[in-house]
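Visitor: Show me the folded form of this:
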Amino acid sequence: MDGLKRFFLMMSFFVSLPGLAHEGLPNMAFALRNGNIEVDTARQGISLGDYKAFVISFNDLLTPYRMGDAGFTGFGFDRGGFVSYQTESTLFKWSEQAASWLADGYSEQLVISRLAVDNRVTAQMGNGQQGFISSLSNSSSFEAHPVFFMESENSDVVEDGAYMVFLRILALDETGTVLNTQPSEPFALIFHINAQSSFDEMALSQALEVVPDVQLNDYALQDALFDWAESELSVFFPHEAKSHFMFGFYGRCYENSVCVGVKDGKVFTAGGILGELTEQGALELFSDMAGL
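Guide: Numbers count the residues shown, from 1 in each chain. Take a look at the predicted model:
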């Protein structure tokens with residue numbers, strides 16, 4: 001946790017104050033209103049079932065697998081702390097043959113690069129990573145342009161097609177771990193590769209009509225479960241605590257050294273009278289027990 005705090009503090013020194021004039025498409029815009037982070041306030045996203053999605057096209061002939069024009073913008077945020085993104089899924093790839101989004105069986109990978117820090121998302125890994133967007137030390141607004149790369153583990157050529165990852169926007173305190181407000185609703189980034197002229201806009205349009213089979217974190221449910229545990233199991237969780245992101249877990253820690261967290265749909269405990277890190281069971285089981 002100390003390392004994450006140092007990382008966010010270091011980033012704040014290298015980020016100049018953003019302007020509000022956005023260049024590049026799409027503008028992935030957010031606003032903090034009434035304690036909620038609203039998604040797509042610039043109306044440049046599309047509807048993907050119940051989700052919002054932003055299409056990022058790799059159309060530079062010199063760098064067909066690299067894109068740095070798309071940007072995150074936001075306004076109305078509380079000053080102080082940081083804004084970051086969190087990956088909420090691994091990488092999906094569109095299959096024209098199956099007319100569906102695949103979750104495995106391919107070598108392509110996405111790299112999200114911001115201020116020399118790279119987060120890599122593949123079909124097997126990358127879920128739960130956080131990446132710095134901007135410091136809010138002197139402003140309640142931000143604009144940031146990460147660079148997106150598509151790579152292949154097996155060759156220098158990325159297959160033409162569509163690729164997808166789900167993200168959320170987080171507003172964090174000065175430590176970079178505690179939420180100032182609930183995360184945004186999940187949204188998708190869809191990357192369109194047509195370097196070999198074999199996957200045009202018409203092919204992309206079919207992919208944009210299909211919602212992938214994806215299970216995403218419900219942080220409101222997790223917080224409600226933690227609240228219930230503090231009320232009903234006070235011998236383990238003796239007081240109210242704020243939720244943190246900790247080493248891939250979303251959870252809370254208490255003065256008796258006990259911590260509880262959720263990762264990949266499972267509840268874990270560690271510390272104090274509960275001992276070493278232990279998987280306690282499925283989140284669904286505990287939420288049903290709590291009547292949530």
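Visitor: Can you show me the helices along the stretch 1-150 of the chain?
Guide: Along the stretch 1-150 of the chain, the segments classed as helices by DSSP state H, counting those that start in this stretch run 2-14.
Visitor: where do the strands sit along it?
Guide: In the stretch 1-150 of the chain, the strands defined using DSSP state E, counting those that start in this stretch lie at 27-33, 36-39, 46-48, 51-58, 66-67, 71-75, 82-87, 92-95, 100-102, 108-114, 117-121, 130-135, 142-144, 147-152.
Visitor: For residue 242, which of the ones you listed is the nearest?
Guide: Among those, strand 82-87 comes nearest to residue 242, with 15.8 Å by C-beta to C-beta. For glycine as for every other residue, the C-beta is placed from the backbone atoms N, C-alpha and C.
Visitor: What angle do strand 108-114 and that closest one make with each other?
Guide: 180 degrees (axes from the mean of the first three to the mean of the last three C-alpha atoms, to 10 degrees).
Visitor: Strand 82-87 versus strand 130-135: what angle between them?
Guide: 150 degrees.
Visitor: Strand 82-87 pairs with which strands?
Guide: strand 130-135 (antiparallel), strand 161-172 (antiparallel) (DSSP bridges).
Visitor: Quick check: next helix or strand after the last one?
Guide: Downstream of strand 161-172, the next assigned helix or strand under DSSP states H and E is strand 187-193.
Visitor: Against which helices or strands is the helix or strand following that next one packed?
Guide: Past strand 187-193, heading to the C-terminal end, the next element that is a helix or strand (DSSP H and E) is helix 201-207. Secondary-structure packing of helix 201-207 (3 or more C-beta pairs under 8 Å, 6 or more residues apart in numbering; DSSP states H and E): strand 161-172.
Visitor: related to what we said a few turns ago, which stretch among the strands of the stretch 1-150 of the chain comes nearest residue 175?
Guide: Between residue 175 and the strands of the stretch 1-150 of the chain, the shortest separation by C-beta to C-beta is 9.2 Å, and it involves strand 82-87.
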